[in-house]
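Participant: show me the folded form of this:
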Amino acid sequence: MSAIPADIDTARQPPMTIPLRHFVVALGLLAAAVGLRVGLAVGVAPGAARLAHVHLLVAGWVCVTIMGAMTQFVPVWSGVDLHSRRLATAQLWAVGVGLVGLAGCFLLGAFALLPVFGAVALLGFWTFAYNIARTLSRLDGFDVTERHFGLAIGALVVVTALGFLLAVDFTRPLFASVGATHGTVRAAHVTLAVFGVVVTTVVGALYQLATMFTQTKLRGVDVWLRRGEEVGYPLGVVALAGGRLVSDPTLARVGGALVALSLLGVATILARRLVESSVNWTPMLARYAIAAVALAGWAVLTLPAWLADPLAGDRLFGAPGADSLFLLGFVGFVVLGTLYHVVPFIVWVHRYSDRLGLEPVPMLDDLYSDRLARLDFGLVLSGVVAVVAHDLAGLTPAAETAGWTLVLIGIAVFAANLLRVIWLHSPQSLVGDAAASAVDSDDGAG
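Facilitator: Okay, here's the model as predicted:
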């Protein structure tokens, strides 16, 4: 059974409507991103569909999921009240409208409207950053997860500012006067977004989740690897992004090496926690195992590629052809696995925790369908293997199309399984009066 740790403070969590709405919106953006990628594979996607796909996948699915998860778990893990529930509700509207608008502009070629929707998305992301930063500021000291979250919030502010400037630059050139180009600013923007925001958050969360749910602790070489990652990874991200911004291959090379070696250490830590675990495997741990293998493979491929040429356009996310291995194999499986715990956990705590001991209540793993979890795992894994094989080994385009189609079907099954949890056990949670709840207890501010 999935563990419900006794040392976390669930009384601090916000109303479940807030994180659940983030997760549902994120799943919708994921379905749109994967569907668009299928369209690209068969050649029917219009306009700048690849840009729309990347924004829906990374800024949409991954970042909106992170927003919901941080809003839920920073108060729970850190034992402080969320600064503002009202802002947590408002941020989702702004980010959702902004990202959907940006994707629409890319697909329709309406580049003149990019700054409008970029500004809306910027407002939403900065609202989220402000809310979490004010929440974290109440702590006397940070643990390893909180330090990673703080760095990710800082990177998010910079990334979204660069993104807005890039949106403006499509129709009104900005960068020539400061010695940069649209391409170099875009490379820095992508580097900070993926490695500074997404991966920093994921790694920080894994230090909590991989130990909590394997019921193990970091020991021996894990501790040294974590210490090296805490110093080397943020320095590497800054150097890699800075080197790409100013077209300095040496600076980018040093940064890339630090990033790849640090993440190889994270893959080692995660694999060791899974191997040493004696608990029964859950959908979450099965997906973490895939993530560990994918991250280690990506790091081994990427280190020599970045040492050779970290500025090449086909090496933004790592070695040529390793984008899907990293984004789907590592980031994707960590997010999918985490959601298989987070969504049932939130529903269980709100619906059943106060009935425990008074009447029979289901356990966490009883809330979702094991059969559907196994089915979506097989579909997504098969699809990712086909896509990665196409990218790295040059399989036929038919293999890529089949792979993305399997991923799309798998995501649909995954979404159905989690929506089923909400529908059967807490159908009012998505339409509950979050606003009233926010007003009642908001802006505890202080």
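
Participant: which secondary element of the protein has the worst mean pLDDT?
Facilitator: The helix or strand of the chain with the lowest confidence, counting by mean pLDDT, DSSP states H and E, is helix 434-441 at a mean of 46.

Participant: now do whichever strand or helix holds residue 224, average pLDDT.
Facilitator: Using DSSP states H and E, residue 224 sits within helix 221-245. Taken as a whole, helix 221-245 has a mean pLDDT of 97.

Participant: run a quick neighbour tally on the closest residue to residue 414 other than its chain neighbours.
Facilitator: Ranked by CB to CB, 6 or more residues apart in numbering and with sequence neighbours excluded, the top spatial neighbour of residue 414 is residue 376, at 4.1 Å. C-beta here means a position set from N, CA and C on the backbone, and glycine is covered the same way. Using other CB atoms under 10 Å, residue 376 is surrounded by 25 other residues.

Participant: quick check: residue 376 touching residue 410?
Facilitator: Yes: judged on CB atoms under 8 Å, residue 376 makes contact with residue 410 at a distance of 4.7 Å.

Participant: now do the phi/psi pair for residue 356.
Facilitator: The phi/psi pair for residue 356 (degrees, to the nearest 10) reads phi -60, psi 130.

Participant: same thing with residue 48?
Facilitator: The phi/psi pair for residue 48 (degrees, to the nearest 10) is phi -80, psi 70.

Participant: how much space between it and residue 112?
Facilitator: Using CB to CB, to the nearest Å, residue 48 is found at 14 Å from residue 112.

Participant: who's more crowded, those two?
Facilitator: Using other CB under 10 Å as the criterion, residue 48 and residue 112 rank with residue 48 on top: 17 against 11.

Participant: tell me, what's touching residue 48 and residue 112 both at once?
Facilitator: With contacts defined as CB atoms under 8 Å, 6 or more residues apart in numbering, no residue is shared by residue 48 and residue 112.

Participant: which ones are touching the most centrally placed residue in the chain?
Facilitator: Central residue of the chain (CA atoms, centre = their mean): residue 62, 3.4 Å from the mean position. Residues near residue 62 by CB under 8 Å, 6+ apart: 26, 198, 331, 335.

Participant: can you put these in a markdown table and add neighbour count?
Facilitator: Formatted as a markdown table, these follow (neighbours: other CB atoms under 10 Å):
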| residue | neighbour count |
| --- | --- |
| 26 | 26 |
| 198 | 25 |
| 331 | 22 |
| 335 | 23 |
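
Participant: take the residues you listed and keep only those in helices.
Facilitator: 26, 335 (DSSP state H).

Participant: got CSV for the contacts of residue 62, with pLDDT and distance to residue 57 too?
Facilitator: As requested, those are exported to CSV (pLDDT from 0 to 100; distance: CB to CB, whole Å):
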residue, pLDDT, distance to residue 57
26, 93, 10
198, 95, 10
331, 94, 9
335, 92, 11
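
Participant: now stretch 218-228: buried residues?
Facilitator: By neighbour count on 16 or more other CB atoms under 10 Å, the buried set for stretch 218-228 is 218, 222, 225-226.

Participant: er, stretch 409-416 I mean
Facilitator: Buried-residue list, stretch 409-416, by 16+ other CB under 10 Å: 409-415.

Participant: between those, which is closest to residue 175?
Facilitator: Nearest to residue 175 among the buried residues of stretch 409-416, counting by CB to CB, is residue 411 at 36.6 Å.

Participant: tell me what the helix or strand harbouring the closest one is packed against?
Facilitator: Element membership for residue 411 (DSSP H and E) is helix 397-425. Packed against helix 397-425 by the contact rule (3 or more CB pairs under 8 Å, 6 or more residues apart in numbering; DSSP states H and E) you find helix 17-42, helix 333-351, helix 370-393.

Participant: rounded mean pLDDT for that helix, please.
Facilitator: Computed over helix 397-425, the average pLDDT equals 91.

Participant: just want the angle from that helix to helix 333-351.
Facilitator: 10 degrees (axes from the mean of the first three to the mean of the last three CA atoms, to 10 degrees).

Participant: okay, buried residues for helix 397-425 please.
Facilitator: 399-415, 417-419, 421-422, 425.

Participant: tell me the pLDDT at the nearest residue to residue 256 once chain neighbours are set aside?
Facilitator: Counting by CB to CB, 6+ apart, the nearest residue to residue 256 once its immediate chain neighbours are dropped is residue 306, at 3.2 Å. Residue 306 is assigned 97 on the pLDDT scale.
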